[in-house]
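1. Provided below are the primary sequence and the corresponding predicted coordinates.
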Amino acid sequence: MNKRGPYLGIVAPNNYELNPLIGSKAYVPESSLPFIDFAGRRFRFGKILNQRVVIVMCGLGMVNAGVTTQLLVSLFRLHGVLHYGIAGNADTDLEIGDVTIPKFWAHSGLWNWQRYGDGIDDELALESGGDYTRDIGYLQFSKYNNHSDNLLNRIWYQPEEIFPVTGTPEVREHIFWIPVDTSYLDLARQLEDTKLPQCVNTTCLPRASKVTIVDRGVSASVFVDNAAYRTFLRSRFNATAVEMESAAVALICHQQSIPFIVIRSLSDLAGGGSDVSNEANIFGSLAAQNSVDVLVKFVGLLPPQGKKLYQSE
């Protein structure tokens, strides 16, 4: 199968995001070998418009997404990776159903949890050895406790320890904000303000959904249905999409020098806050379909199979 490549690798989080893609008219399975099962994953081969693709479902959370993406880039000849799905929303200016394409991704679930009694000026455990840092910032639990004391103290957000293929094995580097491929991002700008469906049966959103480029998305193996934490992520990190896999895909692609981009459609306002918020069980299917529709439109912007996109920065 690699002799027929290189492929565009596509990573879907779960079945409700995968099924609309493989069931769409845009996807044509490979007739001679439609899939290979390996290590608990099914890698599907086919074409979307002018691109040969290999599609895989990773499953829930950062570990599944990281393992699956590493298998994908290690097993198959790829010229890029596209990740898509639904996400919680931290930006109250956007609506459910809107499709976001963040410029940067971060893993927001790697912390140094500071001991009770230590202050913000106190050095963290193992900080002097370079293992941890206070550069990114912290979450103070007592700020969400009616201003009383809190034994949980605070957590400090940490960058990921990475080992790029261009580096020296076992010599670590660190990164927090992982940029998507600039060439892919330039293509994605052509999709901005694309109008998408706004209704599920007779239940409709206030306006038609649209595609928008946003600054940042954050991922952690945590389902965020809490308005206070949503507000914190927005104010501290300027995050829009909040979900559980994309940063893992981003970290693997960054380390392996594979161009990537992420398309995430907003299924709910994390933690609620409006008359159409906290409704992922109603609008999740619409959000999933919107992410697939934008994925197909993006693939259609890529140069024909065998021709290279201009060099990314």
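-> The structure has been received and is ready for your questions.
2. residues in contact with Arg230?
-> The neighbourhood of Arg230, defined by Cβ atoms under 8 Å, 6 or more residues apart in numbering, consists of Gly88, Ala90, Val224, Val242, Leu269, Ala270, Gly271. Just so you know, the C-beta spots here come from the backbone N, C-alpha and C atoms, and that holds for glycine as well.
3. need those residues in CSV (columns: neighbour count).
-> Output for the contacts of Arg230, formatted as CSV (neighbours: other Cβ atoms under 10 Å):
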residue, neighbour count
Gly88, 27
Ala90, 29
Val224, 21
Val242, 29
Leu269, 24
Ala270, 29
Gly271, 19
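4. return the residues in contact with the residue nearest the centre of the chain.
-> In the chain, the centroid-proximal residue (Cα atoms, centre = their mean) is Ser246; its distance is 2.3 Å. Residues touching Ser246, when contacts are defined by Cβ under 8 Å, 6+ apart, comprise Ala65, His83, Gly85, Ala87, Pro102, Trp105, Gly217, Ser219, Val262, Arg264.
5. residue ranges for the strands of the stretch 51-200 of the chain, please.
-> In the stretch 51-200 of the chain, the segments counted as strands under DSSP state E, counting those that start in this stretch are 51-57, 78-89, 99-107, 111-113, 138-140, 154-157, 160-162, 173-175, 178-179, 195-196, 199-200.
6. could I get those strands as JSON lines with mean pLDDT and distance to Arg230?
-> Formatted as JSON lines, the strands of the stretch 51-200 of the chain follow (pLDDT from 0 to 100; distance: least, Cβ to Cβ, whole Å):
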{"stretch": "strand 51-57", "mean pLDDT": "97", "distance to Arg230": "27"}
{"stretch": "strand 78-89", "mean pLDDT": "97", "distance to Arg230": "7"}
{"stretch": "strand 99-107", "mean pLDDT": "98", "distance to Arg230": "15"}
{"stretch": "strand 111-113", "mean pLDDT": "98", "distance to Arg230": "18"}
{"stretch": "strand 138-140", "mean pLDDT": "97", "distance to Arg230": "13"}
{"stretch": "strand 154-157", "mean pLDDT": "98", "distance to Arg230": "16"}
{"stretch": "strand 160-162", "mean pLDDT": "97", "distance to Arg230": "22"}
{"stretch": "strand 173-175", "mean pLDDT": "97", "distance to Arg230": "24"}
{"stretch": "strand 178-179", "mean pLDDT": "98", "distance to Arg230": "21"}
{"stretch": "strand 195-196", "mean pLDDT": "88", "distance to Arg230": "23"}
{"stretch": "strand 199-200", "mean pLDDT": "84", "distance to Arg230": "23"}
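7. noted, bye for now.
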